[in-house]
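Student: Turn this into a model:
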Amino acid sequence: MTEPTNDPPRRPLPEGLQPRAAVDGVVLYSSTFPAEAQALCTQGAGISDLAKHFQASTADIRLWMVTHPEFRRAVAVGGDAADDRVTMALYERATGFSVVEHTQVIEQVGDAQRVRESEATKYIAPDPAAAMYWLQNRRPTLWRSKVEVESVTPTHTTTRVPPVAEDADEWARQHAPKHTQLQ
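Tutor: Prediction:
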């Protein structure tokens, strides 16, 4: 009879993946991991995606990034490549672009069918929201959405009030600006 454990049930591995070598539940690092990580990160994978691929925990992935400089570089290079692709896609969306569309039309000619292929260039107009996002991030001083106004008024103002109402005229003469002196 087997003893019950507190370990979560193991999920079956996706097709094509082999179990990784592990000691006490910790996946052992392999020199092939940097190339795999770079390829995955180029496709937009993050830490949790790497953990799933390597059948490891996110803590293992972070540990490998600290202890294996080649793994850290591979993740960074792959991530930069994905970021560059997104940057170009955002730029094209902000400025507009052309795309070639291929279509196939099946025509009935007598008893036979004929496939006619056509090609058309379609222009995708610029997206103002993408342009604004691009400009706010690339030129924040010119295009920020929140305008900061500097206060010209003093932050602390002291107002003197005469102690007795009958002294108000005397108090006003003493404290009025020179060009508006009361007579």
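Student: so who does the spatially closest residue to residue 70 that is not a sequence neighbour touch?
Tutor: Once flanking residues are discounted, residue 70 sits nearest to residue 34: 4.8 Å by CB to CB, 6 or more residues apart in numbering. Quick note: C-beta positions are derived from backbone N, CA and C, even for glycine. Neighbouring residues of residue 34 by CB atoms under 8 Å, 6 or more residues apart in numbering: 68, 70, 71, 73, 74.
Student: By residue count, tell me the biggest helix in the protein.
Tutor: The helix spanning the most residues in the chain, taking DSSP state H as the definition, is helix 69-95.
Student: Just want the angle from the helix or strand following that one to helix 69-95.
Tutor: Counting by DSSP states H and E, the element after helix 69-95 in chain order, helix or strand, is strand 97-109. Strand 97-109 and helix 69-95 are oriented at 70 degrees to each other (axes from the mean of the first three to the mean of the last three CA atoms, to 10 degrees).
Student: now what about strand 97-109, what contacts it?
Tutor: Residues external to strand 97-109 that are found in contact with it (CB under 8 Å, 6+ apart): 113, 114, 115, 116, 117, 118, 119, 120, 121, 122, 123, 124.
Student: In this structure the last one contacts residue 94, no?
Tutor: Translated: residue 124. No: taking contacts as CB atoms under 8 Å, residue 124 lies outside contact range of residue 94: 11.1 Å.
Student: Which one's more surrounded, these two?
Tutor: Neighbour count, other CB atoms under 10 Å: between residue 124 and residue 94, residue 94 has more, with 19 against 12.
Student: need the contact list for the closest residue to residue 35 other than its chain neighbours.
Tutor: Nearest non-adjacent residue to residue 35, counting by CB to CB, 6+ apart: residue 74, 6.9 Å away. Contact analysis of residue 74 by CB under 8 Å, 6+ apart lists 33, 34, 35, 37, 38, 41.
Student: One more: residue 66?
Tutor: Under the criterion of CB under 8 Å, 6+ apart, the neighbours of residue 66 are residue 72.
Student: State the three-state secondary structure for residue 53.
Tutor: Of the three states, residue 53 takes helix under DSSP: H, G, I helix; E, B strand; the rest coil.
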